[in-house]
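Engineer: what's the 3D shape of this:
(one chain, ligands or ions: 1)
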Amino acid sequence: MELTFWGVRGSVPAPGADMNRYGGNTSCVELRTQGGDLFILDSGTGVIPLGRKLMTTPFCKGGGEADIFLSHAHWDHIQGFPFFPPIFVPGNRFTIHGPARSSGMLEGILEGQMNPHFSPLYTMKNLGASIDLVAVIPDGPGLECRGVSVTGRMNPHGPTEAMAYRFEENGRSLVYASDAGYPESGPSPEVRELYRGADVLIHDCTYTPEDRAERINRGFSSIAEATRAAAEAQVKTLVMFHYDQDYTDEDVDELCADCRAALDARGGRDIGIVPAREGDELEI
Ligand SMILES: [Zn+2]
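Structural biologist: I've put the predicted structure just below:
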């Protein structure tokens, strides 16, 4: 499996000269399966430049197909979707998977941002591409998608929840866990199981521990929660993700150094750390 990071910020886009090295777009990760299929993890504003790249491929002529997995429907995880060029090309096919009890419920949530008060598109039914919606039942058995086994489990996230996904293909595993606001006790037993032994864990690293303590109700992790989750689950690589929108590149550099030290202190010297940066690729 191959990853490309298109948006690594949390909450709102963060444009600006001080943000360029890590990038200012909100959550979006491209996952290419070994089978050559395209999965898109969240569709924050990072999906817009991904869409531009896809328009140089069969997506520009309606021959593209992709599966989109949403962690939840906060704006920084869906806001790029109405600006994703391939959805306007008839013939392209997308399946959107997201946490919900039914596909109708998922459709209702996603239609909300197309409402004329928010968007001139009015409704997802106005898009040229065909869009199918598939609810991922939070405590369900998971699904098989194009030869990849996919499991979703919910993390608390402030007043709501966000789904963490585990993707497994031919013995390789990726966990995508953005927006995780654990209680003091840490991840639930189901989520610990989801993370266990993953080759790569992309984890919410929004804050320093000090900033998290001041903004506890927002439902994010600091590097303390991320390193604890990575060390407990004995993952091979921790990818830092979803940085606070106010952190400059220098702030994120410092966050990365502190994250390494925190992971070493938890006995995780063998665990690699990769800070997610827009445009970077990672092979699993
Ligand atoms: Zn977020």
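
Engineer: and stretch 272-284, average pLDDT?
Structural biologist: Model confidence over stretch 272-284 averages 98 on the pLDDT scale.

Engineer: contact partners of stretch 176-191?
Structural biologist: For stretch 176-191, the external contacting residues (C-beta atoms under 8 Å, 6 or more residues apart in numbering) are 10, 27, 29, 41-42, 69, 71-72, 74, 77, 139, 153-158, 162, 164-165, 167, 192, 194-195, 201-204, 216, 218-221, 225, 228-229, 232, 241-242. For glycine as for every other residue, the C-beta is placed from the backbone atoms N, C-alpha and C.

Engineer: switch to 6 Å and redo it
Structural biologist: The set of residues external to stretch 176-191 that reach it, using C-beta atoms under 6 Å, 6 or more residues apart in numbering, is 27, 41, 71, 153, 155-158, 162, 164-165, 202-204, 219-221, 225, 229, 241-242.

Engineer: and those residues, which of them are buried?
Structural biologist: Among these, those classed as buried by 16 or more other C-beta atoms under 10 Å are 27, 41, 71, 153, 155-157, 162, 164-165, 202-204, 219-221, 225, 229, 241-242.

Engineer: Ala46 contacts Val29, doesn't it?
Structural biologist: Heads up, residue 46 is Gly, not Ala. No. Taking contact to mean C-beta atoms under 6 Å, the distance of 7.8 Å between Gly46 and Val29 leaves them out of contact.

Engineer: follow-up on the earlier one: out of the contacts of stretch 176-191, which are inside helices?
Structural biologist: The subset of these located in helices under the criterion DSSP state H comprises Glu225, Ala229.

Engineer: out of the contacts of stretch 176-191, which are inside strands?
Structural biologist: Secondary structure assignment (DSSP state E) places Leu41, Arg153, Asn155, Pro156, His157, Ala162, Ala164, Tyr165, Ile202, His203, Asp204, Phe241 from those within strands.

Engineer: name all residues that make contact with the fourth one.
Structural biologist: Put plainly, it is Pro156. For Pro156, the contacting residues are Gly181, by C-beta under 6 Å, 6+ apart.

Engineer: and the gap between it and Met55?
Structural biologist: Pro156 sits 38 Å away from Met55 when distances are taken as C-beta to C-beta, to the nearest Å.
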